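Trainee: I'd like to go over a predicted model; first the sequence, then the structure.
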Amino acid sequence: MESFMKRQKLILIGNGMAGVRTLEELLKLDAAQYDITVFGAEPHPNYNRIMLSPVLSQEKSVEDIILNDLVWYASNGIRLLMGRKVTRIDRARRLVIADDGSETPYDRLILATGSSPFVIPVPGSTLPGVITFRDIADVDAMLAASRSYRHAVVIGGGLLGLEAANGLAKQGMDVTVVHLLDTLMERQLDVPAANLLKASLEARGLSFEMKAQTEAILGDERVTAVRFRDGREIPADLVVMAVGIRPNIELAKASGLHCERGIVVNDTMQTFDPRIWAVGECVQHRGECYGLVAPLFEQARVAANHLAHHGTAYYEGSVTSTKLKVTGIDLFSAGRFTEAEGDETLVVQDSAAGVYKKLVVRDNKIEGAVLYGDTLDGSWYFQLMREGTSIADFRKSVLFGQHDLGDAGHGDEKTRVMALPDGAEICGCNGVCKGEIVDAIVKKGLFTLDDVRAHTKASSSCGSCTGLVEALLASTVGDGYDVAPSKKPLCGCTTHSHDEIIHAIRDHELKSMTAVREFLEWKNPDGCHVCRPALNYYLLVRWPDDYADDKQSRFINERAHGNIQKDGTYSVVPRMFGGLCTPDELRAIADVAEKYNAKEVKVTGGQRIDLFGIRKEDLPAMWNDLSAAGMVSGHAYGKALRTCKTCVGSQWCRFGTQDSTALGVKLEELTWGSWMPHKFKMAVSGCPRNCAEATIKDFGVVCVDSGYELHVGGNGGIKVRVTDLLAKVETEAETLEYCGAFVQLYREEAHYLERTAPWIERVGLSYVKGRLLDSAEERRALYERFKHSQLYAQIDPWKQRAEGYDAAEFTPIRLAG
Ligand SMILES: Cc1cc2nc3c(=O)[nH]c(=O)nc-3n(C[C@H](O)[C@H](O)[C@H](O)COP(=O)(O)OP(=O)(O)OC[C@H]3O[C@@H](n4cnc5c(N)ncnc54)[C@H](O)[C@@H]3O)c2cc1C
Ligand code: SF4
């Protein structure tokens with residue numbers, strides 16, 4: 001029997017993600033039991049292999065992806081032998097023999113040798129310039145080739161091939177992806193999603209050779225071309241083979257361990273030799289070999305549990321999901337996505353917006369999911385799928401996501417992620433749930449993303465859940481997160497904060513997104529879905545005369561100038577200035593409601609009429625009719641001025657002190673059409689009874705006998721906030737000036753997607769008062785800048801589109817299911 005009193009010798013062969021994760025888990029359970037030695041064939045400490053793609057596209061450096069630096073090994077007493085390959089295991093003598101001839105004894109051994117890329121054995125496959133995509137050395141070779149050569153050919157249109165192709169294209173190479181089948185990523189995507197992906201990659205400059213079989217790689221001293229079976233040849237200075245992987249089992253096999261496709265293990269991750277465990281891609285468990293980290297990390301937990309003699313954990317196999325790490329392409333796939341007999345499919349497709357969602361359902365349970373363009377609900381579908389939850393009760397709306405709150409202002413990522421149940425999985429790679437993250441933030445006093453990564457591992461592998469983790473952090477810590485020691489960059493593409501970017505645009509007269517990204521040395525030259533809309537807004541506000549709005553950087557509702565509804569149709573809300581409307585306008589609204597089959601007509605809280613259930617392709621014609629009747633867009637869909645609600649005021653009400661309706665009309669006429677950091681609502685009440693609820697608006701006026709009280713920063717949404725009193729003025733003209741100046745200050749200085757309430761809480765009411773009340777000159781200048789920008793903003797987008805502008809946007813949405 002082994003003595004547990006003296007430290008046993010544990011050897012890990014393979015210093016990669018699964019092996020080192022096993023050690024981490026073991027150290028958590030029992031740090032004192034073993035003397036640990038690690039053999040790693042690569043000359044690096046453990047790094048995040050998943051992140052090789054961002055290193056290739058130069059969004060990250062090698063240093064950024066090191067998971068355990070040399071200090072970690074030293075401080076845990078682990079002997080690390082880098083660049084040392086194990087060539088033989090002598091199981092009888094319990095020795096590990098390395099390529100330098102050394103022999104190291106073990107009591108227990110972990111095999112985590114990973115896998116090797118498969119190289120198609122065609123003539124020329126060993127030529128210089130033909131490489132694979134597996135480790136840092138491969139990335140170095142690709143980057144070096146990209147500096148000297150032009151034509152790259154990537155063989156394999158799967159996950160890895162496309163990430164390699166994208167990275168090489170970003171280095172300026174002409175890249176052709178060669179794929180044997182007629183659709184990309186056929187193991188993860190169905191045909192419509194694969195087509196969207198291909199179109200998006202083509203738009204980024206990649207070329208494709210589909211259904212093409214490589215017959216030979218040509219060249220003398222180095223590769224020069226690739227020849228296909230049909231005889232065609234394409235030029236190639238670099239060929240990257242990304243056609244699959246094979247578990248590294250040779251070492252295990254030679255030592256007599258039972259191997260099939262991989263090293264065969266039981267549910268405790270033990271091989272046929274009870275002293276030897278195996279984890280990672282080299283393993284075959286219940287007939288399956290895995291090539292993604294989430295299952296390997298589960299295996300690591302189980303192996304560690306047994307190495308620590310707890311003996312309570314079992315690995316029973318994993319269901320996996322996939323995401324592609326190409327910046328700007330959102331793609332999620334899980335489970336069985338091709339329908340079989342007896343399955344049903346639920347599909348939403350909006351080709352113009354590049355959104356496709358498909359769920360394969362059987363007996364009201366999700367069997368598989370493919371999402372393209374909008375993947376926020378991927379983890380929810382994945383969870384429903386894994387837990388076999390019946391979707392019968394919410395089947396009609398399941399495609400619209402877990403928290404379809406309808407309004408973009410309320411349905412942002414922060415709100416949606418906070419509304420998830422505690423058990424919802426946030427980080428798929430490491431299997432970390434929302435409850436665990438929130439608990440760690442609260443109990444351990446975490447303030448930064450790095451803290452959360454260090455304590456929970458969430459967001460530390462492929463990084464695609466970073467936005468969700470940040471949203472949890474922001475919601476849990478609130479203001480504390482904003483004032484955390486390291487400033488918060490706008491997004492992962494930059495180290496600069498919103499304020500730094502706003503100031504740089506102003507001070508250095510940066511007038512295009514490219515200029516901003518270049519000047520501020522963006523890590524990712526194309527930006528991402530977070531920074532693009534923000535930059536577009538900041539430029540639009542600062543340079544109304546020079547900057548042309550980039551519609552691709554806007555959210556779908558703003559691109560379509562309507563609110564997309566649960567069933568894929570749109571709602572149309574014509575503007576009714578101050579809530580007023582003539583009989584002719586009412587007639588026109590009734591006519592269009594009938595003509596375009598509005599499914600419902602509803603009076604909104606903002607005192608106008610909402611027409612629901614309009615098909616996207618009917619929008620331009622409907623707008624044309626409304627335009628002919630003199631009506632303009634209500635911007636009910638935008639980060640823009642929404643409404644000015646009014647009461648009847650002195651004209652009709654016996655309590656009224658001023659003509660609140662007329663003032664409301666004037667305020668709305670001044671401000672309509674203006675783009676804002678977020679939606680912006682106004683109201684005017686004719687007396688302090690406040691029937692128009694002016695004290696929960698972004699800008700509210702309460703009329704009194706002696707004039708007008710001006711209120712700012714109210715909110716009637718999720719978190720109700722009563723306004724602060726800004727000033728009291730005597731005339732309508734002053735009210736208009738203060739309103740315009742306040743709006744402009746908010747537009748110029750608030751962060752994109754920040755409502756007036758949090759903005760005022762952040763900068764302080766006294767700051768806002770100082771800017772608007774201390775100097776009449778400055779107030780007037782703000783007002784003038786606002787009026788000037790309105791020259792460009794008060795162009796009715798509906799009329800424009802009715803006249804044919806941007807017609808391609810209005811292609812049909814197909815809804816099946
Ligand atoms: C470019 C790229 C992108 C990826 N993207 C994703 C992704 O988005 N999501 C995801 O889940 N997975 C992704 N993966 C897969 C993921 O990286 C692997 O599943 C994971 O790294 C496998 O871990 P492992 O420890 O089994 O093998 P590895 O990380 O490969 O580690 C094995 C180590 O063992 C060493 N070794 C082998 N034989 C010996 C020996 N005889 N002696 C000493 N050392 C030896 C190897 O050199 C290697 O360092 C990606 C992989 C690549 C290459
Ligand atoms: S707010 Fe005053 S003026 Fe306006 S309707 Fe109500 S009571 Fe009348």
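Mentor: Arrived safely. Ligands and ions are numbered 1, 2, ... in the order given.
Trainee: which residue is the nearest non-sequential neighbour of Ser61?
Mentor: If the residues on either side of it in the chain are set aside, Ser61 comes closest to Val55, at 6.7 Å by C-beta to C-beta, 6 or more residues apart in numbering. C-beta here means a position set from N, CA and C on the backbone, and glycine is covered the same way.
Trainee: quick check, that neighbour in a helix?
Mentor: Yes. Judged by DSSP: H, G, I helix; E, B strand; the rest coil, Val55 forms part of a helix.
Trainee: contacting residues around the residue of the stretch 601-750 of the chain found nearest ligand 2?
Mentor: The nearest approach of the stretch 601-750 of the chain to ligand 2 comes at Gly686, 2.8 Å away (C-beta to the nearest ligand atom). Gly686 makes contacts with 647-650, 653, 655-661, 692, 703, as judged by C-beta atoms under 8 Å, 6 or more residues apart in numbering.
Trainee: neighbour-wise, which of the residues you listed leads?
Mentor: Per-residue neighbour counts (other C-beta atoms under 10 Å) across the contacts of Gly686 peak at Ser660, which has 30 neighbours.
Trainee: OK, contacts around the closest residue to it other than its chain neighbours?
Mentor: Spatially, and ignoring its direct neighbours in sequence, Ser660 is nearest to Gly649 (3.3 Å; C-beta to C-beta, 6+ apart). By C-beta under 8 Å, 6+ apart, the residues touching Gly649 are 656-663, 684-686, 703.
Trainee: so what's the backbone phi/psi at the residue of the chain most remote from its centre?
Mentor: Seen from the C-alpha centroid of the chain, the residue lying at the greatest distance (C-alpha atoms, centre = their mean) is Arg654, 54.1 Å away. Dihedral pair for Arg654: phi -70, psi -20, per degrees, to the nearest 10.
Trainee: from Asp35, how far out is it?
Mentor: According to C-beta to C-beta, to the nearest Å, Arg654 and Asp35 sit 91 Å apart.
Trainee: which SSE is Tyr73 in?
Mentor: Under the criterion of DSSP states H and E, Tyr73 resides in helix 70-75.
Trainee: quick one: contacts of that helix?
Mentor: Here helix 70-75 has contacts from 38, 45, 79-80, using C-beta under 8 Å, 6+ apart.
Trainee: got TSV for the residues you listed, with pLDDT and secondary structure too?
Mentor: Converted to TSV, the contacts of helix 70-75 look like this (pLDDT from 0 to 100; DSSP: H, G, I helix; E, B strand; the rest coil):
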residue	pLDDT	secondary structure
Val38	98	strand
Pro45	95	coil
Arg79	96	strand
Leu80	96	strand
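Trainee: residue contacts, the one residue in the chain that gets nearest to ligand 1?
Mentor: Here the residue of the chain nearest ligand 1 is Gly16; by C-beta to the nearest ligand atom that distance is 1.8 Å. By C-beta under 8 Å, 6+ apart, the residues touching Gly16 are 40, 46, 49, 112, 114, 280.
Trainee: pretty sure the fourth one sits against Leu23.
Mentor: No. Ala112 is beyond contact range of Leu23, at 9.6 Å (criterion: C-beta atoms under 8 Å).
Trainee: between the two, which has more neighbouring residues?
Mentor: Comparing Ala112 with Leu23 by other C-beta under 10 Å, the one with more neighbours is Ala112, at 31 against 27.
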